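Undergrad: show me the folded form of this:
(one chain, ligands or ions: 3)
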Amino acid sequence: MFDKSSWIRLPRNVLVGHGMLDDLGAAVDELYLSGSPLIVTSPSPDQIVGERVRRQLPNPETVIVGEAGFDQVQKVIDAARAMDAGYLVGLGGGKPIDTAKMASDELGVGFVSVPTAASHDGIVSGRGSIPEGDTRHSVAAEPPLAVVADTEVIADAPWELTTAGCADIISNYTAVADWQLARRLKGVEYSEYGGALARMTAEMLVDNADLIRPGLEESAWIVVKALVSSGVAMSIAGSSRPASGAEHLFSHQLDRIAPGRALHGHQVGVGSIMTAYLHDGPDGMWQDIRAALDSLDAPTTAADLDVTEDELLEALTTAHEIRDRYTVLGDGITEKAAREMAETTGVI
Ligand SMILES: NC(=O)C1=CN([C@@H]2O[C@H](COP(=O)(O)OP(=O)(O)OC[C@H]3O[C@@H](n4cnc5c(N)ncnc54)[C@H](OP(=O)(O)O)[C@@H]3O)[C@@H](O)[C@H]2O)C=CC1
Ligand SMILES: O=C(CO)COP(=O)(O)O
Ligand SMILES: [Zn+2]
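TA: Ligands and ions are numbered 1, 2, ... in the order given. Have a look, this model is predicted:
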């Protein structure tokens, strides 16, 4: 008997472009949501566009969240229950958006994603990434009913946030390679469409790298489109596998070992240089990944990430421990191998 089944949950409306933030109210009306929204945001996005968002929505309330964590999700749930929120709006970078989508899932209310930076590919995905103790979960969360990405706002955000988003997409190369390896060695379920879309998204971004420059709204356009595409790949796969492999495990470990030093996207980019080396050896894809990151002004070394050699090596040798996700790191790599890889690729 045929026994496959899947739910692919995608947004109904994706608005990308100049001044699109002023269409938020209309986009929400189109969803036939009822009640008042709780806006989940962080300090900078709230200061930059909070008022513009609030004046378009009926009796909104706002909650400011900090680092991603289950305590922050609970804080949002409590605030939403206290006001009997009809839906949640995630406004900002990856942390408020992830927090809002996880709280929406728990509350059983709709979620609208309003990114203010092109810094991560969670703007569309139905996954939440959340640390807990020594581990980091990728949890099923509420996918957005609508995404409203204003390229004028995003182009005005610090350039490093855009280069972080580019690196998060470039890391799809190694994420997909890890996923294929896990299929071959461990029989892990693989989605041809999810894998192909994630990889194609990275290829298109690299092909357009010359057009991605600071202050250009065209750059925000290209990167947001790629972030949407990468998020759709995760939705098709029903997991973050198309966009998260060993390079992400390395980044999640750095978040614990050296918190707050570098952006998520920048960390996964550097991780991707090294794990590409593990996949292909000295003459493989790692050089192309490093060149692409370099051309986009994204970090390529431990120093660029503001982490020490010891911190980097600790993250590399322990990354396999944090999640039950088979990658090219297998059951762990030795410090000698980690050092050799980091030195050969110029990361240290
Ligand atoms: N669920 C998924 O599929 C995915 C989830 N993620 C998660 O997303 C997070 C990383 O996202 P990231 O965006 O880097 O994290 P943050 O939300 O912390 O944003 C990074 C920084 O950008 C600032 N910021 C946001 N918008 C603007 C703006 N317009 N102007 C000026 N500053 C701005 C924030 O300000 P402030 O300090 O005020 O907050 C913050 O300092 C991680 O937790 C990661 O795990 C990443 C990829 C995919
Ligand atoms: O960051 C992600 C994709 O870019 C997803 O994060 P996880 O590694 O937690 O699944
Ligand atoms: Zn990521």
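
Undergrad: ranges for the helices of the protein?
TA: Per DSSP state H, the chain carries helices over the ranges 24-29, 43-54, 70-83, 94-107, 151-156, 159-170, 172-186, 192-207, 217-237, 246-257, 264-280, 286-295, 309-318, 335-344.

Undergrad: tell me which residues in the fourth one are buried?
TA: Applying a neighbour-count criterion of 16 or more other C-beta atoms under 10 Å, one finds 94-105, 107 buried in helix 94-107. (Glycine included, C-beta is placed from N, CA and C.)

Undergrad: on that earlier part again, so which of the helices of the chain is nearest residue 140?
TA: Nearest of the helices of the chain to residue 140, taken as C-beta to C-beta: helix 94-107 at 6.9 Å.

Undergrad: other SSEs contacting the closest one?
TA: strand 37-41, helix 70-83, strand 87-92, strand 110-115, strand 127-132 (3 or more C-beta pairs under 8 Å, 6 or more residues apart in numbering; DSSP states H and E).

Undergrad: where does residue 282 land on pLDDT?
TA: Note on residue 282: pLDDT of 88.

Undergrad: quick check: phi and psi at it.
TA: The phi and psi values for residue 282, taken as degrees, to the nearest 10, are phi -60, psi -30.

Undergrad: that one reaches residue 345, doesn't it?
TA: No: Residue 282 is not in contact with residue 345 according to C-beta atoms under 8 Å; the separation is 9.1 Å.

Undergrad: residues of the chain that sit close to ligand 1?
TA: Residues of the chain found near ligand 1 (C-beta under 6 Å from any ligand atom) are 42-45, 48, 68, 92-96, 98, 116-117, 119-122, 125, 127-129, 153, 157-158, 161, 164, 168, 234, 240, 263-264.

Undergrad: can you flag the buried ones in those?
TA: For the residues of the chain next to ligand 1, a neighbour count by 16+ other C-beta under 10 Å gives the buried set as 42, 45, 48, 68, 92-96, 98, 116-117, 119-122, 125, 127-129, 153, 157, 161, 164, 168, 234, 240, 263-264.

Undergrad: just checking: which of the residues you listed also lie near ligand 2?
TA: Applying C-beta under 6 Å from any ligand atom, the subset of those adjacent to ligand 2 comprises 121, 127, 129, 168, 240.

Undergrad: identify the farthest-apart pair in these.
TA: 127 and 168 (13.1 Å).

Undergrad: quick one: residue 218 from residue 251, how far?
TA: Plainly put, residue 218 is 28 Å away from residue 251 if you go by C-beta to C-beta, to the nearest Å.

Undergrad: one more: residue 167?
TA: Between residue 167 and residue 251 the computed distance is 10 Å (C-beta to C-beta).

Undergrad: same question for residue 203.
TA: 22 Å.

Undergrad: how near is the closest residue to residue 277 other than its chain neighbours to ligand 2?
TA: Nearest non-adjacent residue to residue 277, counting by C-beta to C-beta, 6 or more residues apart in numbering: residue 286, 4.3 Å away. Note on residue 286: its distance to ligand 2, by C-beta to the nearest ligand atom, to the nearest Å, is 19 Å.

Undergrad: now do residue 64
TA: Residue 64 sits 22 Å away from ligand 2, going by C-beta to the nearest ligand atom.

Undergrad: same check, this time on residue 115
TA: Here the criterion is C-beta to the nearest ligand atom. By it, residue 115 lies 14 Å from ligand 2.
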